[in-house]
Structure formats: C-alpha cells, structure tokens
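A.B. asks: With the input below, show me the fold.
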Amino acid sequence: MKPIIKPVDNQYSNAIVDLVLTIQQKEFNVPITIEDQPDLFNIPNFYYADGGGFWGAFIDDQLVGTIALVKFADNAAAIRKMFVKKEFRGKEYAIAQKLLETLIAYSKENGIDDLYLGTITILEAALRFYEKNNFVRIQKEKLPEGFPLMAPDNVFCHLNLKK
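C.D. replies: Sure, this is the predicted structure:
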C-alpha cells in the first residue's frame, strides 16, 4: 500500500482534526484543544494564502498523515501539523519521510530557503526524525522574527535548503 500525498483544504478538516487531536491528546497528553487550533478549520486562509501549503497522506482514501507549511517571511517558513497515525509510522510506509520530502520540494520550488519548526521534548521520535533529515536544533532566541510560536513548543529546529 503506497501512500498518496496530495494538497488538502477545509473539505478534510474533520478528518485532520480527528487525526491531530487523537495524537496530541490521547497518545502524548499534550494540553492542547481544538480551540487552540482554529487554523484547522481555515486551511486556505491560514496556510495557502501567504504561500504555504497543507498536505495529507492517504492510504485507501483514509487520511493517515499530515504536514503543513506556514510561510512567515519572503524566504522562510515553519513546518506545522506533522502527524502520522500510529499504525502507519515507521520505515515500512515511510509516510513522514514522503510528507517531509513533498514539503521540501514545494519549498525549493517556491523560493523558501529556511525551514523552522517547534515541537516538544516528549516527541523524541519526531526530533530524531528531523535530525536524521539534517535539521539542527536551535535556541528559541535564534528563531527569526515572525516565527509563529505555539505555546507548548519548547524545542526548535532549523533547516537551510541552500546548503
């Protein structure tokens, strides 16, 4: 079963919310609610309007993963909403890798040179995944102006696409 990666918008909001909240709240006990994430019901304005994007990974028409890009400067953007359903994680499906590669290809085609992200220390596997993909941890103080901070985030990473 090969995942299909494609851009998504509000027509998938309910499936996205279900996927994201289940992972955040039930799997990792992150104190975040749907009220904290109104962007999930306003995908075109929040992600696409400024030159970002939002992609879903589908297996048999079921949403099994997401990744989003918030462009916050001429050549810089933040990765958001990188989630893969537990049973579809790992090398067998490589969904996270395919989602990230899709986002990086889009970024390069659209003049985005620097990718940033924030996450939380409890998501150790996610951090290892990003570091394996050449992201470097940076201090919060080193984030560029305009980076869209999320309250729970306490670990930050950067990838320069020009290198």
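A.B. asks: Each with direction, which strands does the host helix or strand of Thr66 pair with?
C.D. replies: Element membership of Thr66 [criterion: DSSP states H and E] is strand 62-73. Sheet pairing of strand 62-73 (DSSP bridges) gives strand 53-59 (antiparallel), strand 76-84 (antiparallel).
A.B. asks: Indicate which one of the ones you listed is closest to Gln25.
C.D. replies: Gln25 lies closest to strand 76-84 among the strands paired with strand 62-73, at 11.9 Å (C-beta to C-beta). To be clear about C-beta, it is placed using only N, CA and C from the backbone, and glycine gets the same treatment.
A.B. asks: Next, the buried residues of the lengthiest helix in the chain.
C.D. replies: Ordering each helix of the chain by length in residues (DSSP state H) puts helix 95-109 first. Buried residues in helix 95-109, defined by neighbour count with 16 or more other C-beta atoms under 10 Å: Ile95, Ala96, Lys98, Leu99, Leu100, Thr102, Leu103, Ile104, Tyr106, Ser107.
A.B. asks: same deal with stretch 27-46?
C.D. replies: For stretch 27-46, by 16+ other C-beta under 10 Å, it's Val30, Ile32, Gln37, Asp39, Leu40, Ile43, Phe46.
A.B. asks: That stretch spans what distance, first to last residue?
C.D. replies: In terms of C-alpha to C-alpha, to the nearest Å, the two terminal residues of stretch 27-46 are separated by 26 Å.
A.B. asks: isn't Lys85 right up against Leu19?
C.D. replies: Yes: counting by C-beta atoms under 8 Å, Lys85 does reach Leu19; the two are 6.4 Å apart.
A.B. asks: which residues do those two both contact?
C.D. replies: With contacts taken as C-beta atoms under 8 Å, 6 or more residues apart in numbering, Lys85 and Leu19 have Val64, Gly65 as neighbours in common.
A.B. asks: for the longest helix of the chain, the distance to its chain's centre please.
C.D. replies: Relative to its chain's centre, helix 95-109 lies at 10 Å (C-alpha atoms, centre = their mean, to the nearest Å).
A.B. asks: what comes into contact with that helix?
C.D. replies: 3, 5, 53, 55, 57, 64-67, 69, 77, 79, 82, 84, 88-89, 112, 115, 129, 133, 161.
A.B. asks: quick one, what contacts Asp74?
C.D. replies: For Asp74, the contact set (C-beta under 8 Å, 6+ apart) comprises Gly111.
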